[in-house]
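Participant: Model the following, please.
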Amino acid sequence: MNAADEKRRLSQARRIAEVKERRSERARIEAVHAETEATRRLELAANDRSAASRQKEQARSVFFQNSGDPQAEVWLIANEMREEQAVSAARIAEEKCLTARDNAQAARREHDRMRERSTLIETRIDTVARKIKTRESDREDEEMQGSRS
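Facilitator: As a prediction, this is how the structure comes out:
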């Protein structure tokens, strides 16, 4: 392969690597945002779970103080159901948070891999440019020696 073809091929590889690196950067940023949002939702769900648990304990206390009161029983049952729902929502939020964290880590690794690839291509381009300059210099030297003879 001649120098011009190799230069063209590496230039094309550079453009492709730059596009892939930009895409991986966008994906990394989106994954970080998703992780942040999932963490925020997990905190909200944990707060809801705590509030539901406290309210259930209050309802339980009222129920036992007023045994036989149908309203106290209904309130206790409603709060037990609310707590179950809050626990379930917190569990789901935790799973989503873990998934988002895994996705963010994978996106970071992919972005790092793309940056390394870009760096390798840039190094290769620099090496080829030096080889081309060396070849041109060698040709000029040969031509000068040939013209002296």
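Participant: okay, CA-based contacts and neighbour counts for the rest of this
Facilitator: Fine.
Participant: Grab the longest helix from this structure for me.
Facilitator: Once the chain is assigned using DSSP state H, the helix that runs over the most residues is helix 70-148.
Participant: so how far is stretch 134-146 from its chain's centroid?
Facilitator: Relative to its chain's centre, stretch 134-146 lies at 52 Å (Cα atoms, centre = their mean, to the nearest Å).
Participant: residue closest to the middle of this protein?
Facilitator: What sits nearest the mean C-alpha location of the chain, by Cα atoms, centre = their mean, is residue 104, with 2.5 Å.
Participant: how far away is that residue from residue 82?
Facilitator: Per Cα to Cα, to the nearest Å, residue 104 is found 32 Å from residue 82.
Participant: what are the phi and psi angles of residue 68?
Facilitator: Dihedral pair for residue 68: phi 90, psi -10, per degrees, to the nearest 10.
Participant: so who does it touch?
Facilitator: Taking Cα atoms under 8 Å, 6 or more residues apart in numbering, we find residue 68 in contact with no residue.
Participant: Tell me the confidence at it?
Facilitator: pLDDT recorded at residue 68 is 78.
Participant: go on, residue 1?
Facilitator: Reading off the model, residue 1 has pLDDT 57.
Participant: likewise the one 3 residues further on?
Facilitator: The pLDDT attached to residue 4 in the predicted structure is 74.
Participant: and it, how far is that from residue 20?
Facilitator: The gap separating residue 4 from residue 20 is 24 Å, by Cα to Cα.
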